[in-house]
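K.L.:
Make a model of this:
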Amino acid sequence: MPDLTTSYLGLKLSTPIVASASPLSQRIESVQQLAEAGVAAIVVYSLFEEQIIHQSLEIDHLLSHGTESFAEALSYLPDTGRYSVGPERYIEHLAKLKRSVDIPVIGSLNGVSPGGWVHYAQLMEAAGADAVELNIYYIPTEISLTSSELEQTYVELVRAVRAEITIPLAVKLSPYFTALPNLAARLTEVGANGLVLFNRYYQPDFDLENLTVVPNLHLSSSDELRLPLRAVALLYGRVPVDLAITSGVHTAHDVLKCMMAGARVAMMASALLRGEAPAYVSSLLSDLRLWMEEHEYDSIATMQGSMSQQAVAEPAAFERANYMKVLGAFRFSDGSDAHSNLTTRMLYPFLGTSVDDE
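P.N.:
Model (predicted):
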């Protein structure tokens, strides 16, 4: 039987399937079922910077309200159970999850700016988290903010979280960077042990009848896999960091592509939220083993990075050549192909083809 084991963030995993942050982790029973089905690790739903700051402001108000009038109010402390709005319950839940399953449990901290809230990474570690995933979900809107300033903010945030913990740290990023390899290297230098590619931005829609902006949540499909697949194939072997792919992982073939690109793990959420998650995982792993047996792969390790760009001397040139091949493969509605286009014919030498080949 093929060996499905892999490692991620220094953690030995029985399979390359990791459940990414989602509502499924809110129920201990659901996590236990996923673990029994073959999910090798789980990322707990995210604790947001805004939740932590909101609680701090609320407690500050409760402590200071009325202190000018009543001296005894100076020593008054609110009922923490009553006024807890999330962070403490999150830490308690993480600790319960860790006690309830044998697979690694990864805490998720979602924020964008350095500050006291990053201390919760340390509380996650104290609660038993095997690692922390820092999810940086930020859409810049200030015209004065430059790309270099934004990237430096990311670097400083990772540095701040790294200073809080001794356990492994993964950073979840969006795909919208002009020079992702450079940013990846900088994040690694300040302490990131893993990169999770990519975050999905949930894009709103317009309600034309009520003239309002409305949330519009669509679960992912396998078509979305190609973007993180390309990025991981580009980074594999070039940046000393463990790579994880998320967004678009739905089938055994998707998982195989992730491994061949160079990912250590394939993270799933949408596929698990669509139906019976434990049965889905069991079936996926069965398909994965069957494909590996039919194609004579004895382990996940032997295929990891086998289709990355590590062996390509000029990755940028490789990308350009493939881009031109895609253009050359286009077919018009009348059945003719793009080779008849003059511009494409000029590209024949770069495509490894000649006009005489027609």
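K.L.:
mind listing what's buried in stretch 121-129?
P.N.:
By 16 or more other CB atoms under 10 Å, the buried positions in stretch 121-129 come out as 121, 122, 123, 124, 125, 127, 128, 129. C-beta: built from backbone N, CA, C; applies to glycine.
K.L.:
Other residues contacting it?
P.N.:
With CB atoms under 8 Å, 6 or more residues apart in numbering as the test, stretch 121-129 has contacts from 44, 47, 91-92, 94-95, 98-99, 105-107, 109, 132, 134, 161, 164-167, 169.
K.L.:
Got the domain ranges for the chain?
P.N.:
6-307, 321-357 (automatic domain parsing).
K.L.:
what's the least confident stretch among those domains?
P.N.:
Mean pLDDT values for the domains of the chain show the minimum at domain 321-357, a mean of 57.
K.L.:
in the chain, which spans are strands?
P.N.:
6-8, 11-13, 17-19, 41-43, 47-48, 105-110, 131-135, 169-173, 194-197, 205-207, 212-214, 242-245, 265-268 (DSSP state E).
K.L.:
Pick the most buried one from those strands.
P.N.:
strand 265-268 (a mean of 29; mean count of other CB atoms under 10 Å).
K.L.:
Count the neighbours of residue 224 for me.
P.N.:
19 (other CB atoms under 10 Å).
K.L.:
any idea how far the residue lying closest to it once chain neighbours are set aside lies from residue 273?
P.N.:
With CB to CB, 6 or more residues apart in numbering as the criterion, residue 224 has its nearest non-adjacent residue at 3.6 Å, and that residue is residue 248. Here the criterion is CB to CB, to the nearest Å. By it, residue 248 lies 14 Å from residue 273.
K.L.:
So for the two, which sits in the more crowded spot?
P.N.:
residue 248 (25 against 13).
K.L.:
Go ahead and confirm the more buried one touches residue 226.
P.N.:
Yes. Here residue 248 reaches residue 226: they are 7.4 Å apart, a contact under CB atoms under 8 Å.
K.L.:
list the contacts for the residue positioned nearest the centre of the chain?
P.N.:
Central residue of the chain (CA atoms, centre = their mean): residue 196, 3.7 Å from the mean position. Contact analysis of residue 196 by CB under 8 Å, 6+ apart lists 20, 133, 135, 170, 171, 172, 173, 244, 245, 246, 267.
K.L.:
Pretty sure the fourth one sits against residue 193.
P.N.:
Right, residue 170. Yes. Look at residue 170 against residue 193 with CB under 8 Å: they come within range, at 6.4 Å.
K.L.:
So for the two, which residues contact both of them?
P.N.:
9, 131, 242.
K.L.:
partners of the last one in the sheet?
P.N.:
In other words, residue 242. residue 194 (DSSP bridges).
K.L.:
Please enumerate the helices of the stretch 1-150 of the chain.
P.N.:
With DSSP state H, counting those that start in this stretch as the criterion, the stretch 1-150 of the chain has helices at 28-37, 49-64, 80-83, 87-100, 120-126, 147-164.
K.L.:
Figure out which of those is closest to residue 184.
P.N.:
Nearest of those to residue 184, taken as CB to CB: helix 147-164 at 10.6 Å.
K.L.:
what's the offset of the closest one from the middle of its chain?
P.N.:
17 Å (CA atoms, centre = their mean, to the nearest Å).
K.L.:
List the buried residues in that helix.
P.N.:
Neighbour count says helix 147-164 has 150, 151, 153, 154, 155, 157, 158, 159, 160, 161, 162, 164 buried, by 16+ other CB under 10 Å.
K.L.:
quick check, nearest of those to residue 296?
P.N.:
residue 158 (40.6 Å).
K.L.:
what residues are up against the closest one?
P.N.:
134, 169, 171, 187, 190, 191, 192.
K.L.:
Distance-wise, check it relative to residue 190.
P.N.:
Residue 158 is 5 Å from residue 190, by CB to CB.
K.L.:
Deepest in the core, which of the domains of the chain is it.
P.N.:
Mean neighbour count, computed with mean count of other CB under 10 Å, is highest for domain 6-307 among the domains of the chain, reaching a mean of 18.
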